[in-house]
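In: Sequence and predicted model, in that order:
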Amino acid sequence: MNITGNTILVTGGSSGIGFEMARQFLTRENKVIITGRDGKKLQNAKQQLGEVTAIRNDVGNPDDVEKLYELVAKDFPDLNILINNAGIMQMINLQDNNLSTMELTKEIDINLKGTILMSNVFLPLLKHNNNPAIINVSSGLAFVPLPVVPVYCSTKAAIHSYSLSLRAQLRNTDVKVFELTPPLTKTGLIGGFAEEDIKGIPIMPAEDLVAAFLKGLAKDEYEIRPGQAGLLRFMSRFFPNFILRQLSKSVDRLH
């Protein structure tokens, strides 16, 4: 996969992994578009990144996705890489029956539905351009859940499965489908964890994660599992009960 000279759309690009992706792609002579739901964060990101296009957009809203496509297809008809990175993570006590439907399913709307909607809408445009790719960001928790964030883990497992199916269905096209499964990464998402939730787990800097991602992308590694994500994959296959018990220890504090 050529990682220079592309036109790239990164959802959730105003902070965290998406922001770092945009930064490192820009240093490699790519055109980059970032999206996000928070207009203020987007403008702050644009000021820091410089030559980037920032568009306020909610990937969980079908109307927003259609409007985004119309804008990008008009202004960036050479778009050839879509990175489905937008995501949120919530600690949820599944015994709390007072949670609203919106609270329970918000991660599904953004993480999973957003990935599927964006891929579906932008696929025809990608097919018309050179070096096309869809990159879905899941998680090492796609392979084994961290029970304090049950819906988040479910969406990431679904994204992993969806990526496998999408890759199989697009094998007769030029569109490559990659999956990045980050380990615990130093971003705003981990701010809600208590110390005991992540005790002893290495936290990967976002810049190191993205550097590993770009290295794998250049080598056409369709599943890129940096750091501890590879270990989680291994443990889920050979020691599933042990690793689930280890990741379940923090559940007691929810009750």
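Out: Perfect, thanks for sending it.
In: CA only for contacts and neighbour counts going forward, please
Out: Fine.
In: what's residue 213 in contact with, if anything?
Out: The neighbours of residue 213, taking Cα atoms under 8 Å, 6 or more residues apart in numbering as the test, are 180, 224, 226.
In: I'd like to know how many residues surround the closest residue in space to the second one that isn't next to it in sequence.
Out: Distances taken as Cα to Cα, 6 or more residues apart in numbering put residue 180 closest to residue 224, at 4.9 Å, once the chain neighbours are dropped. By the other Cα atoms under 10 Å criterion, the neighbourhood of residue 180 contains 28 residues.
In: And residue 67, by the same measure?
Out: Neighbour count of residue 67, defined by other Cα under 10 Å: 12.
In: In terms of helix, strand or coil, where does it fall?
Out: helix (DSSP: H, G, I helix; E, B strand; the rest coil).
In: Against residue 61, how distant is it?
Out: 10 Å (Cα to Cα, to the nearest Å).
In: Kindly report the same for residue 114.
Out: 8 Å.
In: more neighbours, those two?
Out: Set residue 114 next to residue 61 and count neighbours by other Cα under 10 Å: residue 114 wins out with 24 against 14.
In: Pretty sure that one sits against residue 60.
Out: Yes. With contact defined as Cα atoms under 8 Å, residue 114 counts as touching residue 60 (4.6 Å).
In: ok, residue 55 to residue 210 distance?
Out: Computed as Cα to Cα, the residue 55 to residue 210 distance reads 22 Å.
In: ok, residue 23 - how many residues close by?
Out: Residues lying near residue 23 (other Cα under 10 Å) number 21.
In: check contacts around it.
Out: If you count contacts by Cα under 8 Å, 6+ apart, residue 23 has them with residue 49.
In: tell me the secondary structure for it?
Out: helix.
In: Could you report the pLDDT at it?
Out: With respect to pLDDT, residue 23 scores 98.
In: Next: residue 18.
Out: 98.
In: mind listing what it touches?
Out: 10-12, 85-86.
In: Stretch 132-148: end-to-end distance?
Out: One end of stretch 132-148 to the other measures 37 Å (Cα to Cα).
In: What residues of it count as buried?
Out: Residues 132-148 are the ones in stretch 132-148 that count as buried (16 or more other Cα atoms under 10 Å).
In: Break down this protein into its strands, ranges please.
Out: Secondary structure of the chain (DSSP state E): strands at 7-10, 31-36, 53-56, 81-84, 133-137, 176-180, 185-186, 204-205, 223-224.
In: Looking at the ones you listed, spot the one closest to residue 170.
Out: For residue 170, the closest of the strands of the chain is strand 176-180, at 7.5 Å, according to Cα to Cα.
In: where does the chain have its least confident helix or strand?
Out: When each helix and strand of the chain is scored by mean pLDDT, DSSP states H and E, strand 185-186 comes last, with a mean of 86.
In: Which neighbouring elements make contact with it?
Out: Where contact means 3 or more Cα pairs under 8 Å, 6 or more residues apart in numbering; DSSP states H and E, strand 185-186 is packed against strand 204-205, helix 206-218.
In: Could you identify which of these is most buried?
Out: helix 206-218 (a mean of 18; mean count of other Cα atoms under 10 Å).
In: average pLDDT for that helix?
Out: When pLDDT is averaged over helix 206-218, the result is 98.
In: got it, and stretch 137-155?
Out: Per-residue scores along stretch 137-155 average to 96.
In: gap between residue 136 and residue 123?
Out: Using Cα to Cα, we find residue 136 at a distance of 13 Å from residue 123.
In: Please enumerate the shared neighbours of those two.
Out: Common neighbours of residue 136 and residue 123 (Cα under 8 Å, 6+ apart) do not exist.
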